[in-house]
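Participant: structure for this input, please:
(chains A and B)
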Amino acid sequence: MRVQRREPVDLLVRDGETAVLLADGIVRLSELSAVLYDLAREQVEVEALARDLEERFGAPAERTSVQATMDAVRDMVEAGLLTET
Amino acid sequence: MTHVLRLSALGTRLDVRCTGERADVMAASMQVAWSRCLVEDGAATPPQARTAPPVEARLDDADDLAGRLMLTTQDVTRALIRARVGTLLMLHAGAVSDPVTGRSLVYVAAGGTGKTTLSSRLGRRFGYLTDETVGVDEDGGILPYPKPLSVRRPDGTGPKDEVSPDTLGLLPAHPRPHVARVVLLDRQVDAAAHGMEEVGFMDALFALTEQSSSLPSLHQPLQRLARFIDATGPVLRVRYAESADIEPDLAGLIAGAR
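Facilitator: Model prediction:
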């Protein structure tokens, strides 16, 4: 699965939290989601995202990195932040 | 015959064209209800003022007057907001100003949650700016929209009545009002106690975004909203049941307390 982010109207980072304004709403991102959103500026495979996130945040406790990343990606697609390409 | 009323609000000129069999009744009622927004004949248009397309207010049956007045208020509000898209930070909020200093309190809330009631109360002590839409420029100045207050009837039925702030005895606004504080109204009719609490920056950003109009059309909208919060914050959440309970606290905010 390949994804790419929808370009924000604006983005604001304050005190470790990120707000992304899209044309149709505003979304709050966790630190991990904010990194994922940044990594998806260009089209990218979920597996590549998972490797990058594991390097930065370590491996998740009870799932593989790919499974955890896939869940996060699906949530962000649903929120309109990412699109499948 | 068409009767034309020239209005000025949110830094925008707008004509309301009263038409129909009872255009005369419509125009006369509009003259009263929109007393604070009327532009006198021959008045020059300020250089910075925008112009919105005219709004038509048609009345054929005088029995429909209240409903037509209410709908016309909604049409005027939409037209003014459209005219200021991309220039003003516009919030679903009421506002009043200190008549001497211009320090203004902006109270943000969704429709039907107390803005008009609070405006009609605070406006007897502070200058009435609006009960509907607060337009803020880059410098924190408020462009008043002293529209008629849309007052729900006691039995809750029928259209709201459009009542002039002059009829209600509300004070005129300071000539250059500016935002001093922002509160989020949280009216709970069964609230046991009232109170105010600070809202974290990000929560305030989201709350204000959700109660804004056409925010994405502004240049770097979140940065602008962030500057607005930083300049006037912290944003406060006000929980209350009756507006009388919170009036002293809100008056204190306008005076500069807290």
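Participant: around chain A, which positions in the stretch 151-258 of chain B sit nearby?
Facilitator: Residues of the stretch 151-258 of chain B that fall close to chain A, judged by C-beta under 8 Å from any C-beta of the partner chain: B:201-202, B:205-206, B:209-210, B:215-216, B:220-223, B:226. Placement of C-beta: from N, CA and C, glycine included.
Participant: show me which of the residues you listed are buried.
Facilitator: Buried members of these, counted by 16 or more other C-beta atoms under 10 Å in any protein chain shown: B:201-202, B:205-206, B:209, B:215-216, B:221-222, B:226.
Participant: tell me which two in the residues you listed are the farthest apart.
Facilitator: The most widely separated members of those are B:201 and B:216, with 19.9 Å between them, by C-beta to C-beta.
Participant: now stretch B:87-99: mean pLDDT?
Facilitator: Here stretch B:87-99 scores 97 as its mean pLDDT.
Participant: most distant residue from the middle of chain A?
Facilitator: Counting by C-alpha atoms, centre = their mean, the extreme residue of chain A relative to its mean C-alpha position is residue A:62, 19.7 Å from that point.
Participant: in the helix ranked longest in chain B, what counts as buried?
Facilitator: Of all the elements of type helix in chain B, the one with the most residues (DSSP state H) is helix B:65-84. Along helix B:65-84, the positions that meet the burial threshold by neighbour count (16+ other C-beta under 10 Å) are B:65, B:68-73, B:76-77, B:79-81, B:83-84.
Participant: also stretch B:11-29?
Facilitator: For stretch B:11-29, the buried set under the neighbour-count rule, 16+ other C-beta under 10 Å, comprises B:11-20, B:22-23, B:25-27, B:29.
Participant: now do the SS call for the residue farthest from the centre of chain A.
Facilitator: When classified by DSSP: H, G, I helix; E, B strand; the rest coil, residue A:62 comes out as coil.
Participant: over to the one 10 residues further on?
Facilitator: Reducing the assignment to helix, strand or coil with three-state DSSP, the entry for residue A:72 is helix.
Participant: quick one: it from residue A:30, how far?
Facilitator: Taking C-beta to C-beta, to the nearest Å as the measure, residue A:72 and residue A:30 are separated by 9 Å.
Participant: who has more neighbours out of those two?
Facilitator: Neighbour count, other C-beta atoms under 10 Å in any protein chain shown: between residue A:72 and residue A:30, residue A:72 has more, with 20 against 12.
Participant: wait, the more buried one sits on residue A:32?
Facilitator: Yes: taking contact to mean C-beta atoms under 8 Å, the distance of 6.9 Å between residue A:72 and residue A:32 places them in contact.
Participant: tell me how many other residues surround residue B:33.
Facilitator: Burial of residue B:33, expressed as a neighbour count using other C-beta under 10 Å, amounts to 23.
Participant: do the same with residue B:229
Facilitator: Here the count is done by other C-beta under 10 Å, and residue B:229 has 19 residues near it.
Participant: count the neighbours of residue B:9 for me.
Facilitator: Using other C-beta under 10 Å, residue B:9 has 25 other residues around it.
Participant: and it, how close does it get to residue B:173?
Facilitator: For residue B:9, the distance to residue B:173 (C-beta to C-beta) stands at 11 Å.
Participant: likewise for residue A:59?
Facilitator: From residue A:59 across to residue B:173, the span is 60 Å (C-beta to C-beta).
Participant: confirm that residue A:42 sits in a strand.
Facilitator: No: if the criterion is three-state DSSP, then residue A:42 is coil and not within a strand.
Participant: for it, report the pLDDT, please.
Facilitator: For residue A:42, the pLDDT comes out at 95.
Participant: any idea how far residue A:2 is from it?
Facilitator: The span separating residue A:42 from residue A:2 equals 10 Å under the rule C-beta to C-beta.
Participant: okay, the two: which has more neighbours?
Facilitator: Regarding residue A:42 and residue A:2, a neighbour count based on other C-beta under 10 Å identifies residue A:2 as having more, with 15 against 9.
Participant: show me what contacts residue B:128?
Facilitator: Contacts were defined as C-beta atoms under 8 Å, 6 or more residues apart in numbering or on different chains; by that measure residue B:128 touches B:36, B:96, B:119, B:146, B:165, B:170-173.
Participant: from these, which land in helices?
Facilitator: Using DSSP H, the contacts of residue B:128 in helices are residue B:119.
Participant: any chance of the contacts of residue B:128 in CSV, plus neighbour count?
Facilitator: Formatted as CSV, the contacts of residue B:128 follow (neighbours: other C-beta atoms under 10 Å in any protein chain shown):
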residue, neighbour count
B:36, 22
B:96, 31
B:119, 27
B:146, 25
B:165, 27
B:170, 26
B:171, 16
B:172, 16
B:173, 26
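Participant: which single one of the contacts of residue B:128 is nearest to residue B:3?
Facilitator: Out of the contacts of residue B:128, the member with the shortest distance to residue B:3 (by C-beta to C-beta) is residue B:36, at 18.9 Å.
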